[in-house]
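Novice: Give me coordinates for this.
(2 chains)
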Amino acid sequence: MENKSITHQQIVILSGKGGTGKTTLAAALSVLFRKRVIADTDVDAADLHILLKPQLAESYPYLSGKKALIDAGHCTECGLCQEYCRFEAIQNYQVDPLACEGCGFCVQVCPENAIDLQETVSGHYHSGWIDGGILVDAVLQPGEGNSGKLVSQVKKQAVELAKSTAAEWLIVDGPPGIGCPVNASVTGADLVVIVTEPTISGLHDLERLVELLQRFHLSAGLVINKADLNQTICSQIKSYAENNQIAILGQIPFDETVVNALLEEKIITDFLDSPASREIKQIFKNISSLMAMRSENEVVREQAD
Amino acid sequence: MNIVIASGKGGTGKTTVATNLVLSLKETVYLDCDVEEPDGHLFLNPVIEQTKIAVRLLPDINYRKCNFCGKCVEICQFHALAILPPKVLLFEEMCHSCGACAYSCPEGAIREREQPIGNIRTGYVLPEGRGFVEGRLNIGEIMASLLIRQVKAFIQPQKVNILDAPPGTACSMVETVRDADFCLLVTEPTPFGLHDLKLAVKVLRILKRPFAVVENKAMDQNNLISSYCQAEGISLLLRIPFHRKLAEAYSRGEPAVRVFPHLKQEFLLLFNRIRHQLETEKVFSEDSIISVELSGITRENIREMNTIFPESRRS
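Specialist: Numbers count the residues shown, from 1 in each chain, chains lettered A, B, ... in the order given. Take a look at the predicted model:
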């Protein structure tokens, strides 16, 4: 989908476990990196706009696919559609649009031709201006499925905007988990930044995410948030990272300023002296030098070829 | 009865509320429906009795019968099939396992084969009387909703079933909550917590499921959540304050009721409020929030406990 001629570097922020601090870090990085486009691909709980406060530029409807609709006038209530639907989406001869996957099996089995598939709008995605850059994000209508497809559309839009504005960076604030929205989020990533926390569930979820990223042959760096919460697990995480060739980009201490900044809907980098803010600046530098080192290596490799 | 513990935003405390409820009640079943990242087992340390492989169905072409007519390609709404004689190509990651192609093939050339997508572990949690069910999606697999449906088949209607939902408001959350008797939405008092709570509330209103809110990591003088709940006429049943000791216990995988045993009473009260709300369909007002005091159970909570569970006074 994305060709080699693009000049921007793509950084995707993920966590496996939710609530570890992806959006807090993404908002801070989107201030620290210049010449950048930001994309929020946590489409069913998109929060980055709360901190970045974009000025809406353009909005597009998201066509998620089709959904079945039963014409009550032609339905004889034979019940065949209910019997064949594997998504339990038909009850009392009516389609539950939140359960319907739009497969059209019911259309095939209906002897009365009383069922049709109809295109549905399941949300919107937008681009908006933020200070010196662009944010692309989306609103999935609550309860809608197929969010992986919306993630792909958000990313496609962000990549196009990054190209047309000659951006140097594309920063993606990803969704939690390891399922289809995550798979769609990491497409084309140059670096995945994993945000974890030193808890037993943070470590467990990190391991599952890393296994997924290894399948995609993606390189990853690690940020440990609230690093001082549990020393033992923090060192377990660090040795896990070492054993899996994951660079540790930084360790953010537990810092009340982070919560207070969020309550004021401000970005942590506004609070210059806070320990978290200082560490995030270091993380920014570490990411920059890691990426610079890599592109140098690539140049060397190309020259060798 | 089945109670789903959900949240729009991740990391607000779903698993904390779900596991502590299970440990506070008798005759419960814990079902981990967060199949991408199932973490409940870390807190409940279940004894696993059985591991079952969860599967999905994929079309399998019988080339002795297939004449490449293209009907299956035409039927498939997900563009998962393509004809390139002498082959019919299947793009597994596009297939939704709906079965329409197998049904529609005029030559009867498509059969469905099973493909593993994850596993379901079942067992029990000590102290006795607590069932454990966990869905775990294979890494790289995307059919989360299908696995959640299979986990829900283990619901025991005569018991209290506590379902730990995945975060968000998309299909896998909907699959977990769509036929719930009651849903608890766990949130935290930040703009992110509130924003995502509003999305989750929209889903529950569309699905017409009764629900209430639990505020976790609550802070003094922060009424972001309570004022929203009041304005919307939503029950706010429980407030769990932010406490470093709770966060540390969580980090070790230690349930809150083990660190602060009196919290069991408060989770019992929470369950009782849920039953009451279901019976009366009345929303609890703000002055009846169960406020967790980590220094000890509050006097009001003791009074309420004694009236609801008089037997507990004797024991």
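
Novice: Spell out which parts of the stretch 201-315 of chain B neighbour chain A.
Specialist: When proximity is defined as CB under 8 Å from any CB of the partner chain, the stretch 201-315 of chain B approaches chain A at B:202-203, B:206-207, B:219, B:222, B:224, B:247-248, B:250-253. Bear in mind the C-beta positions are built from the backbone N, C-alpha and C, glycine included.

Novice: By neighbours, which of those wins?
Specialist: Neighbour counts for these (other CB atoms under 10 Å in any protein chain shown) peak at B:V203, which has 27 neighbours.

Novice: List the buried residues for the helix or strand containing that residue?
Specialist: Secondary-structure element containing B:V203, defined by DSSP states H and E: helix B:191-207. Along helix B:191-207, these residues count as buried under the neighbour rule (16 or more other CB atoms under 10 Å in any protein chain shown): B:F192, B:G193, B:L194, B:H195, B:D196, B:L197, B:L199, B:A200, B:V201, B:V203, B:L204, B:L207.

Novice: got a list of contacts for it?
Specialist: Counting by CB atoms under 8 Å, 6 or more residues apart in numbering or on different chains, the neighbours of helix B:191-207 from elsewhere in the structure are A:23, A:44-45, A:47, A:50, A:98, A:142-143, A:262-263, A:265, B:6-9, B:12, B:169, B:173-174, B:177-178, B:183, B:185, B:187, B:211, B:213, B:224-225, B:228, B:232, B:234.

Novice: coming back round to it: closest one of the residues of the stretch 201-315 of chain B next to chain A to B:E293?
Specialist: Proximity to B:E293 was ranked across those by CB to CB; first place goes to B:M219, at 14.5 Å.

Novice: Now the residue of the stretch 151-300 of chain B found nearest chain A: closest residue in space that isn't a chain neighbour?
Specialist: At 3.2 Å from chain A, B:C171 is the closest residue in the stretch 151-300 of chain B, using CB to the nearest CB. Leaving aside its chain neighbours, B:C171 sits nearest to A:G145 (3.2 Å; criterion: CB to CB, 6 or more residues apart in numbering or on different chains).

Novice: Tell me who's in contact with that neighbour.
Specialist: Each residue near A:G145 by CB under 8 Å, 6+ apart is listed here: A:S64, A:L98, A:E101, A:S122, B:S145, B:A170, B:C171, B:V174.

Novice: Any figure for the gap between the fourth one and chain B?
Specialist: Shown here: A:S122 relative to chain B, a distance of 10 Å by CB to the nearest CB, to the nearest Å.

Novice: Can you classify the residue in chain A sticking out farthest from the centre as helix, strand or coil?
Specialist: Going by CA atoms, centre = their mean, the residue of chain A most distant from its centre is A:T76, 44.6 Å out. Reduced to three states with DSSP: H, G, I helix; E, B strand; the rest coil, the structure at A:T76 is coil.

Novice: residues in contact with A:L80?
Specialist: Listed by CB under 8 Å, 6+ apart, the contact set of A:L80 reads A:V109, A:C110, A:P111.

Novice: The stretch 151-300 of chain A: helices as residue ranges?
Specialist: Using DSSP state H, counting those that start in this stretch, the helices found in the stretch 151-300 of chain A span residues A:180-186, A:200-215, A:231-243, A:256-263, A:275-304.

Novice: Reformat those as JSON lines; add distance to chain B, mean pLDDT and mean neighbour count.
Specialist: Formatted as JSON lines, the entries for the helices of the stretch 151-300 of chain A read as follows, by distance: least, CB to the nearest CB, whole Å; pLDDT from 0 to 100; neighbours: other CB atoms under 10 Å in any protein chain shown:
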{"stretch": "helix A:180-186", "distance to chain B": "4", "mean pLDDT": "95", "mean neighbour count": "24"}
{"stretch": "helix A:200-215", "distance to chain B": "4", "mean pLDDT": "97", "mean neighbour count": "21"}
{"stretch": "helix A:231-243", "distance to chain B": "6", "mean pLDDT": "97", "mean neighbour count": "15"}
{"stretch": "helix A:256-263", "distance to chain B": "5", "mean pLDDT": "95", "mean neighbour count": "18"}
{"stretch": "helix A:275-304", "distance to chain B": "15", "mean pLDDT": "90", "mean neighbour count": "14"}
